[in-house]
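Engineer: next comes the sequence, and after it the predicted model I'd like to discuss.
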Amino acid sequence: MFEKDTLRLIGKSLKRFISLVMIVMIGAGFMMGLFSSRRIMEESVDRYNDRYDLQDIQLYSSYGFDAADMKALRAQEWVSKCFASRMADVYSRSEDGEAAVTRLEETDRAVNRFEIIEGRMPKNSSEALVLNNSLSGGGYRIGEEITLFLEDSDILDSVECDKVKIVGVVKAPAYMAKTLGTSILKNLELEQVLYLLPSAFKSDYYTTVYITVNGAKDLDGFSKQYDSHIEEIKTDINVFSRKQSAQLKEKLVDEYTRKIEESEQELEGKKLDAQMKLDEAQKQLEDANIQLIASQAQIDSLSMALRQGTERLNLLEAQYDERYAGLDDEIAEIEQAYGGRSFESIYSEVLSDYGTYNALKTMTDPSGTAVIDAQISDLEADNASRRQRLNSELYPKRSELQAIIADENSSEMDKTSAASELTFIEQSISEEIDAITLNERLISSLREMKKAGSSGSAASRMAEIDARYNGSVENEYRRLTRISRDRVA
């Protein structure tokens, strides 16, 4: 009866029954996939690591490993493959990129082998392979030229070339994670890995040893049996390390004892040389003392001459003050009379008006127009000459001196000399510009006078100029010229 009711219920809601069955099947299949995916991925990674001989153990040494260490290590029964490598952590930079913390490793290897996925193997010390670094944000591209450098030492002490060209891209089982590890450069995180030929490294010692252990490939790399097997080998490695350390200590003691003895012998030789140089220096010191006495006598003579020169200078200054005591008062009176303007500005205006006056005076002569034309031509030629000097001599020289002053590589003596010369050049430029401006004003006045002469108003214009200077511009010109000449004297 129950079975009939169940079949009848299924028949009435067949679509719903089928949907529930499909949901249960899909859910069961999804859970089976989740539970089995980890195991599948681990087996896939383990096979990949075994195919490219990923290390089981990695050894570092600050002293380095030599050929004797490697021979003793390969003789251990638990070693399957043993590969000694030279490695260096440096900074690298592409032509248009920022500095990146980079590890340099050798291409020739029996352990931690890599797979070339693009490009080719390097042919010389200036070529390199780059790790496919897509997981950590990208890497260098084939054809790029990479600069290698260190902040506190010379990169060429470690490798043959400080510039390498990328010729291939690789992937390696040792670098499968998103992060590449930590470098020995201030414990910074690695950003790039480059593989160079063994001939690109200069060190005679190996800094790193990679080891694969006998029996490790037969075990799952993610299993507890594998971890236990490696831990047992690490115990043997500790015993081996202590033995090799004792041998290395004895070797280093012998080597440095020999160096100390050689240094002591060298020190004795240098002490003899130093004594000879000391005796020679003593003789030079005595000669210098004699020369010093002679120089002191010369200094005393020059000091006496300096005192006499100072007395002569004081006398001349007193004569100057006596002669020109009233000159400053006279200039101050003139400046006050002209509304507080500077003497130079007043004198420039009087020069201009005096030139205009003489030109107007010339206009009364029948040949005055020709004279004015000649004066205008002379003034224009003078301006052209002054502009030529500005553009071809003074402006370039000013730029050259300013560049010397701004250059960080210039010595203080060069900068001081350039600053002194620049002051003179600036003064010359200012004088040339003032002269050009004055000539332009004279040219303008001459053209106005020529126009005024043609209209018959030259005499009235001369009268206006005389009236501006208390009846005589010529007297005012002579007075100011005398004062200007006295100031220069």
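Structural biologist: Perfect, I can see it now.
Engineer: any buried residues in the one helix or strand residue 356 maps to, and which?
Structural biologist: Assessed by DSSP states H and E, residue 356 sits inside helix 343-363. By 16 or more other CB atoms under 10 Å, the buried positions in helix 343-363 come out as 343, 346-351, 353-360, 362-363. (C-beta placed from N, C-alpha, C; glycine too.)
Engineer: check which helices and strands the helix or strand immediately after that helix in the chain sits against.
Structural biologist: Reading on from helix 343-363 to the C-terminus, the next helix or strand found by DSSP H and E is helix 368-389. On a contact count with 3 or more CB pairs under 8 Å, 6 or more residues apart in numbering; DSSP states H and E, helix 368-389 meets helix 343-363, helix 412-455.
Engineer: tell me the angle of the longest one relative to helix 368-389?
Structural biologist: When axes from the mean of the first three to the mean of the last three CA atoms, to 10 degrees is applied, the directions of helix 412-455 and helix 368-389 differ by 160 degrees.
Engineer: quick check: mean pLDDT of helix 412-455?
Structural biologist: Computed over helix 412-455, the mean pLDDT rounds to 80.
Engineer: after that helix, next one along is what?
Structural biologist: Next along from helix 412-455, by DSSP H and E: helix 458-468.
Engineer: I'd like to know which elements that following helix is packed against.
Structural biologist: Counting by 3+ CB pairs under 8 Å, 6+ apart, the packing neighbours recorded for helix 458-468 are helix 343-363, helix 412-455.
Engineer: which among these is found nearest to residue 285?
Structural biologist: Nearest to residue 285 among the helices and strands packed on helix 458-468 is helix 412-455 (29.7 Å), distances taken as CB to CB.
Engineer: what's that closest one packed up against?
Structural biologist: Where contact means 3+ CB pairs under 8 Å, 6+ apart, helix 412-455 is packed against helix 343-363, helix 368-389, helix 395-406, helix 458-468.
Engineer: quick one, that helix and helix 395-406 angle?
Structural biologist: Orientation of helix 412-455 against helix 395-406 (the same axes, to 10 degrees) gives an angle of 150 degrees.
Engineer: run the chain-centre distance for helix 412-455.
Structural biologist: Offset of helix 412-455 from its chain centre (CA atoms, centre = their mean, to the nearest Å): 42 Å.
Engineer: can you check what angle separates it from helix 343-363?
Structural biologist: Comparing the axes of helix 412-455 and helix 343-363 via the same axes, to 10 degrees yields an angle of 30 degrees.
Engineer: now helix 412-455 and helix 458-468, what's the angle there?
Structural biologist: 130 degrees.
Engineer: can you list the low-confidence ranges for the stretch 201-350 of the chain?
Structural biologist: For the stretch 201-350 of the chain, the stretches with pLDDT under 70 are 215-216, 218, 220-222, 243-249, 252, 294-295, 297-298, 300-306, 308-309, 311-326.
Engineer: do a quick rundown of the strands in it.
Structural biologist: 206-213 (DSSP state E, counting those that start in this stretch).
Engineer: now the residue nearest to residue 415 when sequence neighbours are not counted: how far from residue 145?
Structural biologist: Once flanking residues are discounted, residue 415 sits nearest to residue 405: 5.3 Å by CB to CB, 6 or more residues apart in numbering. From residue 405 over to residue 145 the distance is 37 Å, taken as CB to CB, to the nearest Å.
Engineer: contacting residues around residue 422?
Structural biologist: Neighbour list for residue 422: 398, 401, 402, 405 [criterion: CB atoms under 8 Å, 6 or more residues apart in numbering].
Engineer: what's the burial count for residue 71?
Structural biologist: By other CB atoms under 10 Å, the residues close to residue 71 number 10.
Engineer: returning to that earlier point: switch the contacts of residue 422 over to TSV; also include neighbour count, pLDDT and distance to residue 195.
Structural biologist: Listed next are the contacts of residue 422 as TSV, based on neighbours: other CB atoms under 10 Å; pLDDT from 0 to 100; distance: CB to CB, whole Å:
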residue	neighbour count	pLDDT	distance to residue 195
398	17	90	56
401	21	89	53
402	14	89	51
405	13	87	50
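Engineer: re earlier: make TSV from the helices and strands packed on helix 412-455 and add distance to residue 284 to it.
Structural biologist: Shown next, in TSV, are those (distance: least, CB to CB, whole Å):
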stretch	distance to residue 284
helix 343-363	60
helix 368-389	54
helix 395-406	38
helix 458-468	78
